[in-house]
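S.K.: Sequence isn't available, so here's the structure alone:
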């Protein structure tokens, strides 16, 4: 991503310019127990179930609340309302996320390939970046 895209006014930016480019994922065979382990991190708002680059499901905490640990997580998640295309204009998406409320949207190609994750900051004023995610990981490693 170019510096020019990062500095562009929000009205001119697209989802692709603000998404996390390498989100955490789980494989198609992940169980509810596996997903619950990922949710131990309070920064994780959804789990992306992927097979060979294709997004199969987006799982959120309420999806698995009553499920048994051995249930395949992919059967409990969904895509509808939880994905967005990379070319969408960023500001209307941000406003929609605030209205829903929704803090995460998986970014997918028109063929269903996972491209990234759009992560609305707690303040609702902007989006997390790859650098933000990396900084948190370094900080956690230092605390361990």
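M.R.: Thanks, I have the structure now. Note that the structure is predicted; figures quoted are calculated from it, not measured.
S.K.: Let me know the average pLDDT across stretch 79-97.
M.R.: If you average the pLDDT over stretch 79-97, you get 97.
S.K.: Which of the residues in that stretch are classified as buried?
M.R.: Neighbour-count burial for stretch 79-97, with 16 or more other C-beta atoms under 10 Å as criterion, is recorded at 82, 83, 84, 86, 88, 90, 93, 94, 97. To be clear about C-beta, it is placed using only N, CA and C from the backbone, and glycine gets the same treatment.
S.K.: Look at stretch 68-84 and report the distance between its end residues.
M.R.: One end of stretch 68-84 sits 30 Å from the other (C-alpha to C-alpha, to the nearest Å).
S.K.: Kindly report the same for stretch 110-126.
M.R.: 25 Å.
S.K.: what comes up buried for it?
M.R.: 114, 115, 116, 117, 118, 119, 120.
S.K.: now do stretch 95-108
M.R.: 97, 102, 103, 104, 105, 106, 107, 108.
S.K.: quick one: the fourth one and residue 122 touch, right?
M.R.: Spelled out, that is residue 104. No. Counting by C-beta atoms under 8 Å, residue 104 sits too far from residue 122 to count as a contact (11.9 Å).
S.K.: Now do the strands in the chain.
M.R.: 25-27, 47-51, 54-59, 83-84, 104-108, 114-119 (DSSP state E).
S.K.: Nearest to residue 68 among these would be which one?
M.R.: Nearest of the strands of the chain to residue 68, taken as C-beta to C-beta: strand 54-59 at 14.6 Å.
S.K.: Quick one: mean pLDDT over that closest one.
M.R.: 98.
S.K.: List the contacts of it.
M.R.: Counting by C-beta atoms under 8 Å, 6 or more residues apart in numbering, strand 54-59 makes contact with 28, 35, 46-50, 73-79, 82-83, 104, 106, 108, 111-114, all of which sit outside it.
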